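# quick check, what structure comes out for this input:
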Amino acid sequence: MKKIKSALALALAVLTIMMALPIIAQAATGVNTLFFIASKGEFLRFYVNGAPYLDQREAWSWDGDTGVLTLDGFVWETSYETALYIVGDVTIALKGENSFVSTYTGDLNGTNSNMEPYSNCGIKATDSLTIFGDGSLYVSGGTRGLYIAGGSLTVNSGTLTAVNTRTGGAGISVANGAMTVNGGAVMGIGGARNSAGINLRGSAMAYNGGIVAAVGDYGALYDVDAQRMAFPGEYLWWASETASDPGGEGIAAPPVGYEYSAAHKYVRMEAEDIVVEVVPISITLDVTQAKLSPGDALQLNATVLPAGAGGGAVMWSSSDASVATVSPTGLVTALSPGVATITARTANGLTAACLVTVPTLEMLSEEVRDALENGFGENLFSNNGSYQSVTSSLKNAEKQLEMGKIDNAIKQYQNIVDSLRKDISQGKIDAAFANGIIAMVEKIIALLRA
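Residues are numbered from 1 along each chain as shown. Okay, here's the model as predicted:
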C-alpha cells in the first residue's frame with residue numbers, strides 16, 4: 001500500500017508541473033489509432049484502418065473463450081486522436097507496465113477526425129471494460145484519458161492512471177453507465193484547465209475497496225450525487241480545495257453518497273480493511289476432448305480467472321460414472337465403453353467441460369482397420385503381402401468376436417502384433433507407423449483379457 005501511495009504522490013507532483021506549463025505534444029510519426037475488436041478472428045485482433053496490424057505476441061494475448069485480453073508491457077503512442085479503440089465487452093488482465101498515449105492536438109472536427117467529440121483519448125471503449133491483475137495501465141489523451149462510451153468500468157485490482165491534456169476534459173469519463181472499484185488503485189487526473197479527475201456523466205459509482213483518487217480544477221469528482229453513489233462500509237476520506245493531497249490520516253467517512261463540489265480539487269478514498277470477494281468471470285479446461293481405454297487415467301486442470309478470485313474452488317462431476325469417474329482434484333478414470341461429460345463448475349455456476357469417449361471393441365477395431373488402410377495408401381508397407389497378412393488376421397479376429405470366441409479372437413489380434421514386429425525387424429514397414437498399430441491392437445487384447 002505504501003508503494004501505491006508513493007505512486008499517487010509522484011503523479012500529483014507531476015500534475016502540479018503539468019498544469020503550470022503549456023502542453024507540448026510529442027507525436028509518434030506514422031503511428032495510427034489501434035483498434036481492438038473482440039469479435040474478430042482468432043489471432044489477429046488489433047487493427048489499423050480496418051486491416052489486421054499486430055499478431056499475438058509477447059506483450060499481449062487474447063483468450064476468445066473468456067474474453068480476457070492480457071497486456072504485459074504493452075506500450076503504444078500515436079499522434080492520432082485515439083491510441084486504443086476497444087469494441088465489445090473486454091476484460092483486461094494487467095501484467096507489467098502498460099501505456100496507451102494519444103498526443104493529438106488538432107481540431108476534433110477537422111479532416112483528421114473520423115470520430116465523434118471526446119474521442120481524443122488514450123483508450124476509448126464502446127462497451128464495458130473490466131480491469132484486474134498485478135500490473136499497471138497508464139492512459140493519456142486530449143479530451144479523455146479513459147473514456148467508457150456505452151457501458152461500465154470495473155476495477156478489481158491492478159493500478160489504473162488516466163490523464164487528459166486538453167481543456168475541458170477528464171482523466172476518466174464513464175457515460176450513462178457505472179463505475180465500480182473493488183480493489184487496486186485508480187487515479188483520474190484532470191491534467192488541463194477546466195478538467196475533472198473523474199467525470200461520471202450520469203453514471204452510478206460503487207466503491208468497495210482499494211484506493212480511488214481524483215484531481216481536477218473543475219472538481220475532482222464531477223457530475224455525481226448521493227443517489228448514484230454506493231459506498232458500503234467505512235473508509236478513509238481526504239478532500240482538498242487545492243490539487244494536492246492534504247496529508248494526515250484522513251477522516252472516517254460514513255457510508256453515504258458524495259455530492260459534487262467544484263471546490264474539491266482533490267479527493268481520495270481508501271478502504272484497506274474492506275475485503276471484497278471478486279467472483280470468477282471464467283473457467284477453462286486444458287483438455288476439452290479425450291479418448292481413453294478402460295483403466296486409463298487423465299488429469300484435467302481448470303483455470304479460473306481472475307486468479308485468486310473468491311469462490312474459485314472447482315467442483316467436478318461426471319455425466320455417467322459407469323463410463324468415467326472424476327476425483328475432487330480433476331483426475332479422470334475410464335471404466336467402460338461409452339461417452340461421459342466431465343464438468344468443472346465454480347461456486348457461482350460457471351462451467352467448462354471435457355467430452356471423454358471410452359471406445360468399444362468394435363470402435364477400436366475399426367480404428368485399426370482405418371489406420372492400416374491409410375498406411376497402405378501412403379506406401380508405408382514395402383509390399384502387398386505384409387498388408388494382406390495383417391488385414392486378413394484383423395478380419396478373422398472380428399469374425400471370432402461375432403461368434404463369441406474370445407480366445408480365438410485374441411490369437412488373431414496377436415498374429416497382427418507378431419506380423420508387424422517381424423516386418424519391422426526386416427525393414428518391410430515404417431517402424432513408427434507399425435508401432436502405432438501395435439499399441440492400438442494391444443489395447444484391444446488387454447480389453448478382451450480383462
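# any weak-confidence spans in this protein?
Counting by pLDDT under 70, the chain has low-confidence residues at 1-32, 38-58, 108-118, 224-235, 237, 243-263, 271-279, 307-312.
# mind redoing it with 50?
Low-confidence segments of the chain, defined by pLDDT under 50, span residues 1-30, 41-44, 110-117, 227, 254-256, 273-276.
# got the domain ranges for it?
Residue ranges for the domains of the chain, per automatic domain parsing: 2-271, 282-358, 361-449.
# got CSV for those domains, with mean neighbour count too?
Backbone N, C-alpha and C define where each C-beta goes, glycine included. Shown next, in CSV, are the domains of the chain (neighbours: other CB atoms under 10 Å):
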stretch, mean neighbour count
domain 2-271, 19
domain 282-358, 17
domain 361-449, 16
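# beta-bridge partners for residue 136, please?
residue 97, residue 159 (DSSP bridges).
# what residues are up against it?
Shown in contact with residue 136 (CB atoms under 8 Å, 6 or more residues apart in numbering): 94, 96, 97, 98, 158, 159, 160, 161.
# and the third one, how far from residue 213?
Counting by CB to CB, to the nearest Å, the separation of residue 97 from residue 213 is 19 Å.
# helices of the stretch 151-300 of the chain, start to end?
Using DSSP state H, counting those that start in this stretch, the stretch 151-300 of the chain contains no helices.
# circling back to that earlier point, out of the contacts of residue 136, which comes closest to residue 341?
Of all the contacts of residue 136, residue 341 sits closest to residue 94, with 34.5 Å by CB to CB.
# in this structure that closest one contacts residue 139, no?
No: the pair residue 94 / residue 139 is not scored as a contact, 11.9 Å apart, by CB atoms under 8 Å.
# residue 370 - that's part of a helix, no?
Yes: the assignment for residue 370 by DSSP: H, G, I helix; E, B strand; the rest coil puts it in a helix.
# so how far is residue 395 from it?
14 Å.
# what's the residue closest to the geometric middle of the protein?
residue 68 (2.2 Å; CA atoms, centre = their mean).
# now do the contacts for that residue.
62, 91, 92, 93, 281, 282, 305.
# swap in residue 94?
By CB under 8 Å, 6+ apart, the neighbours of residue 94 are 71, 131, 132, 133, 134, 135, 136, 137, 158, 159.
# tell me which element it falls in.
Using DSSP states H and E, residue 94 sits within strand 90-95.
# using CSV, write out every CA atom in that strand.
Presented in CSV, the C-alpha positions along strand 90-95 are these (Å, rounded to 0.1, in the frame of the first residue of the first chain):
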residue,chain,number,x,y,z
VAL,A,90,-13.4,-6.9,-22.8
THR,A,91,-11.7,-7.8,-19.6
ILE,A,92,-8.0,-6.7,-19.3
ALA,A,93,-5.5,-8.6,-17.3
LEU,A,94,-2.6,-6.4,-16.4
LYS,A,95,1.0,-7.6,-16.2
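# how about TSV for the contacts of residue 94, with distance to residue 293 added?
Converted to TSV, these look like this (distance: CB to CB, whole Å):
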residue	distance to residue 293
71	43
131	46
132	41
133	42
134	43
135	44
136	50
137	49
158	46
159	51
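# list just the nearest of those to residue 322.
residue 132 (41.0 Å).
# tell me the secondary structure at that closest one.
Look at residue 132: counting by three-state DSSP, its state is strand.
# try residue 388
From three-state DSSP, the assignment for residue 388 is helix.
# residues in contact with it?
Counting by CB under 8 Å, 6+ apart, residue 388 has no contacts.
# repeat for residue 148
With CB under 8 Å, 6+ apart, residue 148 has these contacts: 125, 128, 129, 173, 174, 175, 177, 179.
# closest to residue 291 among the contacts of residue 136?
Nearest to residue 291 among the contacts of residue 136: residue 94, at 38.6 Å, using CB to CB.
# what's the distance between the closest one and residue 368?
Taking CB to CB, one finds residue 94 at 51 Å from residue 368.
# check residue 95 too.
From residue 95 over to residue 368 (counting by CB to CB), the distance is 47 Å.
# next, residue 36: secondary structure please.
strand.
# that one and residue 69 touch, don't they?
Yes: applying CB under 8 Å, one finds residue 36 in contact with residue 69, separated by 6.8 Å.
# which one is residue 203 nearest to, not counting chain neighbours?
Nearest non-adjacent residue to residue 203, counting by CB to CB, 6 or more residues apart in numbering: residue 174, 4.4 Å away.
# any idea what the one you found is bridged to?
residue 148.
# same check on residue 304?
Assigned bridge partners for residue 304, using DSSP bridges, are residue 283.
# how about it, what does it touch?
280, 282, 283, 312, 314, 346, 350.
# and those residues, which two are furthest apart?
Maximum distance among these (CB to CB): 12.3 Å, for 282 and 314.
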